[in-house]
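# got a sequence here, can you build the structure:
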Amino acid sequence: MTRRRWPRAQTTLPAVAVALVLLTLVTALGLGLADSAITSAERSPDERRVAAATAARLVAADGPVAERANVLNGSRVDDFDAATLRGAVPATAGYAVDVDLGDDTVATTGDAESGTTIRRLVLVEWTDTRSISPESRRITLPRRATSATVRFSPGNGTAVRTMRVNEQVRLHNDSGLRGLYEVDLTSYRTTRIEFQTAGRVRNGTVHVAYETPQTTKTTLSVTVDA
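Just a heads-up that it's a prediction; the model follows:
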(Lines give C-alpha, C1' and ligand atoms only; values in the text may rest on other atoms or scores of the structure.)
Protein backbone atom coordinates (compact mmCIF):
# COMPACT_ATOMS: atom_id res chain seq x y z
CA MET A 1 0.00 0.00 0.00
CA THR A 2 1.35 3.42 -1.04
CA ARG A 3 1.59 6.11 1.60
CA ARG A 4 0.62 9.70 0.87
CA ARG A 5 3.44 12.25 1.13
CA TRP A 6 1.71 15.37 -0.25
CA PRO A 7 1.26 17.18 3.05
CA ARG A 8 5.06 17.11 3.78
CA ALA A 9 5.88 18.40 0.29
CA GLN A 10 3.43 21.22 0.71
CA THR A 11 4.93 22.26 4.05
CA THR A 12 8.38 22.62 2.45
CA LEU A 13 7.18 25.14 -0.16
CA PRO A 14 7.15 28.15 2.23
CA ALA A 15 10.70 27.34 3.35
CA VAL A 16 11.90 27.23 -0.26
CA ALA A 17 10.21 30.55 -0.98
CA VAL A 18 11.83 32.16 2.05
CA ALA A 19 15.23 30.81 0.98
CA LEU A 20 14.78 32.25 -2.50
CA VAL A 21 13.84 35.65 -1.07
CA LEU A 22 16.87 35.63 1.23
CA LEU A 23 19.14 34.60 -1.64
CA THR A 24 17.78 37.44 -3.76
CA LEU A 25 18.32 39.95 -0.95
CA VAL A 26 21.86 38.74 -0.28
CA THR A 27 22.71 38.87 -3.98
CA ALA A 28 21.29 42.39 -4.33
CA LEU A 29 23.10 43.54 -1.21
CA GLY A 30 26.36 42.05 -2.45
CA LEU A 31 26.01 43.74 -5.82
CA GLY A 32 25.19 47.04 -4.09
CA LEU A 33 28.25 46.82 -1.86
CA ALA A 34 30.45 45.90 -4.81
CA ASP A 35 29.11 48.83 -6.80
CA SER A 36 29.66 51.15 -3.82
CA ALA A 37 33.23 49.88 -3.41
CA ILE A 38 33.95 50.42 -7.11
CA THR A 39 32.48 53.94 -6.98
CA SER A 40 34.49 54.75 -3.85
CA ALA A 41 37.66 53.39 -5.46
CA GLU A 42 37.04 55.57 -8.51
CA ARG A 43 36.40 58.70 -6.41
CA SER A 44 39.17 58.39 -3.82
CA PRO A 45 42.18 58.89 -6.14
CA ASP A 46 40.66 62.06 -7.63
CA GLU A 47 39.68 63.39 -4.22
CA ARG A 48 43.13 62.66 -2.81
CA ARG A 49 44.84 64.23 -5.82
CA VAL A 50 42.81 67.45 -5.53
CA ALA A 51 43.17 67.58 -1.72
CA ALA A 52 46.95 67.07 -1.94
CA ALA A 53 47.31 69.70 -4.68
CA THR A 54 45.23 72.20 -2.69
CA ALA A 55 47.22 71.66 0.51
CA ALA A 56 50.51 71.95 -1.38
CA ARG A 57 49.42 75.20 -3.00
CA LEU A 58 48.29 76.75 0.28
CA VAL A 59 51.59 76.04 2.09
CA ALA A 60 53.85 76.96 -0.85
CA ALA A 61 56.06 80.03 -0.39
CA ASP A 62 54.10 81.88 -3.09
CA GLY A 63 50.70 80.55 -1.99
CA PRO A 64 47.70 82.85 -1.45
CA VAL A 65 47.94 82.74 2.37
CA ALA A 66 51.64 82.00 2.90
CA GLU A 67 54.26 84.26 4.46
CA ARG A 68 56.89 81.73 3.47
CA ALA A 69 56.95 77.97 2.91
CA ASN A 70 54.76 76.19 5.51
CA VAL A 71 54.18 79.48 7.37
CA LEU A 72 50.78 81.10 6.86
CA ASN A 73 50.14 84.83 7.21
CA GLY A 74 47.40 85.31 9.82
CA SER A 75 45.97 88.42 8.15
CA ARG A 76 45.74 86.68 4.78
CA VAL A 77 44.10 83.70 6.42
CA ASP A 78 41.43 86.03 7.84
CA ASP A 79 40.66 87.31 4.33
CA PHE A 80 40.71 83.87 2.69
CA ASP A 81 37.35 82.63 1.36
CA ALA A 82 35.77 80.26 -1.18
CA ALA A 83 36.30 82.63 -4.12
CA THR A 84 39.99 83.04 -3.30
CA LEU A 85 40.32 79.26 -2.96
CA ARG A 86 38.76 78.63 -6.37
CA GLY A 87 41.00 81.26 -7.96
CA ALA A 88 44.17 79.96 -6.32
CA VAL A 89 43.49 76.27 -7.01
CA PRO A 90 41.51 75.80 -10.26
CA ALA A 91 41.62 72.01 -9.74
CA THR A 92 38.96 72.39 -7.02
CA ALA A 93 36.29 73.26 -9.61
CA GLY A 94 33.47 70.74 -9.43
CA TYR A 95 34.41 69.52 -5.96
CA ALA A 96 33.16 70.36 -2.49
CA VAL A 97 36.20 71.56 -0.50
CA ASP A 98 36.68 72.41 3.17
CA VAL A 99 39.87 74.13 4.37
CA ASP A 100 40.36 74.08 8.14
CA LEU A 101 43.03 75.41 10.48
CA GLY A 102 42.84 73.47 13.70
CA ASP A 103 39.16 73.46 14.66
CA ASP A 104 38.27 76.54 12.59
CA THR A 105 36.94 76.46 9.03
CA VAL A 106 38.84 78.93 6.85
CA ALA A 107 37.02 78.42 3.54
CA THR A 108 34.38 76.04 2.22
CA THR A 109 32.84 75.47 -1.20
CA GLY A 110 30.28 72.87 -0.09
CA ASP A 111 29.68 69.94 2.24
CA ALA A 112 32.86 67.85 2.01
CA GLU A 113 32.48 66.05 5.34
CA SER A 114 32.50 62.55 3.81
CA GLY A 115 35.39 63.25 1.43
CA THR A 116 39.13 62.59 1.50
CA THR A 117 41.31 64.65 3.85
CA ILE A 118 44.95 65.71 3.57
CA ARG A 119 46.63 67.28 6.62
CA ARG A 120 49.76 69.43 6.85
CA LEU A 121 51.51 70.78 9.94
CA VAL A 122 51.96 74.56 9.60
CA LEU A 123 52.80 77.72 11.49
CA VAL A 124 50.43 80.69 11.48
CA GLU A 125 52.25 84.01 11.87
CA TRP A 126 50.65 87.17 13.23
CA THR A 127 52.28 90.60 13.44
CA ASP A 128 52.08 92.21 16.84
CA THR A 129 52.53 96.02 16.74
CA ARG A 130 53.71 97.79 19.89
CA SER A 131 54.64 101.40 20.55
CA ILE A 132 56.73 103.42 22.93
CA SER A 133 57.23 107.13 23.63
CA PRO A 134 60.66 107.25 25.24
CA GLU A 135 61.69 109.82 27.83
CA SER A 136 65.35 108.90 27.66
CA ARG A 137 68.01 108.96 24.97
CA ARG A 138 68.31 105.17 24.78
CA ILE A 139 65.71 102.47 24.24
CA THR A 140 65.94 98.75 23.49
CA LEU A 141 63.63 96.82 21.19
CA PRO A 142 63.27 93.06 21.56
CA ARG A 143 64.85 90.53 19.25
CA ARG A 144 62.65 89.57 16.27
CA ALA A 145 61.46 93.16 15.81
CA THR A 146 61.36 93.42 12.01
CA SER A 147 60.72 97.11 11.36
CA ALA A 148 60.07 100.36 13.17
CA THR A 149 58.19 103.54 12.41
CA VAL A 150 59.69 106.56 14.15
CA ARG A 151 57.86 109.89 14.40
CA PHE A 152 59.72 113.01 15.54
CA SER A 153 57.61 115.88 16.90
CA PRO A 154 60.11 118.41 18.29
CA GLY A 155 58.81 121.00 20.71
CA ASN A 156 59.80 123.02 23.74
CA GLY A 157 63.19 123.68 22.18
CA THR A 158 63.99 119.95 21.96
CA ALA A 159 65.53 118.80 18.66
CA VAL A 160 66.75 115.26 17.97
CA ARG A 161 69.55 115.56 15.41
CA THR A 162 70.71 111.97 15.09
CA MET A 163 69.30 108.51 15.59
CA ARG A 164 71.66 105.56 15.91
CA VAL A 165 70.63 101.91 15.63
CA ASN A 166 73.11 99.48 17.19
CA GLU A 167 75.72 102.26 17.16
CA GLN A 168 75.24 103.02 13.46
CA VAL A 169 73.84 106.37 12.29
CA ARG A 170 70.53 105.72 10.57
CA LEU A 171 68.95 109.22 10.59
CA HIS A 172 70.55 112.66 10.83
CA ASN A 173 69.58 116.29 10.32
CA ASP A 174 71.63 119.20 11.69
CA SER A 175 68.50 121.30 12.26
CA GLY A 176 66.63 118.44 13.90
CA LEU A 177 64.67 115.41 12.69
CA ARG A 178 61.00 115.99 12.03
CA GLY A 179 58.22 113.81 10.63
CA LEU A 180 57.78 110.08 10.02
CA TYR A 181 60.53 107.59 9.10
CA GLU A 182 60.51 103.87 8.31
CA VAL A 183 63.51 102.01 9.71
CA ASP A 184 64.40 98.41 8.86
CA LEU A 185 65.71 96.30 11.72
CA THR A 186 67.71 93.09 12.03
CA SER A 187 65.30 90.56 13.49
CA TYR A 188 67.86 88.08 14.85
CA ARG A 189 69.37 90.47 17.42
CA THR A 190 68.26 92.94 20.06
CA THR A 191 67.93 96.49 18.69
CA ARG A 192 69.43 99.39 20.66
CA ILE A 193 68.35 102.87 19.60
CA GLU A 194 70.06 106.06 20.73
CA PHE A 195 68.86 109.64 20.14
CA GLN A 196 71.31 112.54 20.06
CA THR A 197 69.83 115.80 21.37
CA ALA A 198 71.04 118.89 23.20
CA GLY A 199 68.38 118.50 25.88
CA ARG A 200 66.58 115.48 27.27
CA VAL A 201 64.02 113.59 25.27
CA ARG A 202 60.62 114.78 26.46
CA ASN A 203 57.47 112.71 26.43
CA GLY A 204 55.87 113.00 22.99
CA THR A 205 58.99 114.23 21.22
CA VAL A 206 59.67 110.76 19.78
CA HIS A 207 57.19 107.98 19.12
CA VAL A 208 58.41 104.54 18.07
CA ALA A 209 56.11 101.78 16.78
CA TYR A 210 57.66 98.41 16.01
CA GLU A 211 56.44 95.04 14.75
CA THR A 212 57.29 91.57 16.03
CA PRO A 213 55.97 88.31 14.55
CA GLN A 214 54.16 85.78 16.73
CA THR A 215 53.71 82.22 15.50
CA THR A 216 51.33 79.40 16.43
CA LYS A 217 51.67 75.76 15.39
CA THR A 218 48.52 74.12 14.05
CA THR A 219 47.20 71.68 11.44
CA LEU A 220 45.95 72.63 7.98
CA SER A 221 43.27 70.19 6.82
CA VAL A 222 41.93 70.05 3.26
CA THR A 223 38.91 67.81 2.66
CA VAL A 224 37.65 67.17 -0.88
CA ASP A 225 34.40 65.41 -1.79
CA ALA A 226 33.48 64.59 -5.36
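# so how far is T129 from A61?
A61 sits 24 Å away from T129, going by CB to CB, to the nearest Å. In this view, the C-beta of every residue, glycine as well, is placed from N, C-alpha and C.
# give the next helix or strand downstream of the helix or strand bottoming out on mean pLDDT in the chain.
Using mean pLDDT, DSSP states H and E, the weakest-scoring helix or strand in the chain turns out to be helix 6-59, at a mean of 61. Once helix 6-59 ends, the next helix or strand along the chain (criterion: DSSP states H and E) is strand 66-68.
# show residues contacting that next one.
Strand 66-68 is contacted by residues L58, V59, A60, A61, L72, N73, R76, E125 when judged by CB atoms under 8 Å, 6 or more residues apart in numbering.
# so, low pLDDT: which residues of the protein?
1-43, 156-157 (pLDDT under 70).
# the strands in it, which residues?
Using DSSP state E, the strands of the chain run over 66-68, 71-73, 96-101, 104-108, 116-132, 138-141, 147-152, 160-165, 168-172, 179-184, 191-197, 206-225.
# what's the closest of these to T54?
strand 206-225 (4.7 Å; CB to CB).
# direction included, what does the closest one pair against?
strand 96-101 (antiparallel), strand 116-132 (antiparallel), strand 147-152 (antiparallel) (DSSP bridges).
# between those strands, which one is nearest to Y188?
The nearest among the strands paired with strand 206-225, by CB to CB, is strand 147-152 at 13.9 Å.
# how about that closest one: buried residues?
A148, V150, R151, F152 (16 or more other CB atoms under 10 Å).
# now stretch 190-199
So stretch 190-199, judged by 16+ other CB under 10 Å, has buried residues T191, I193, F195, T197.
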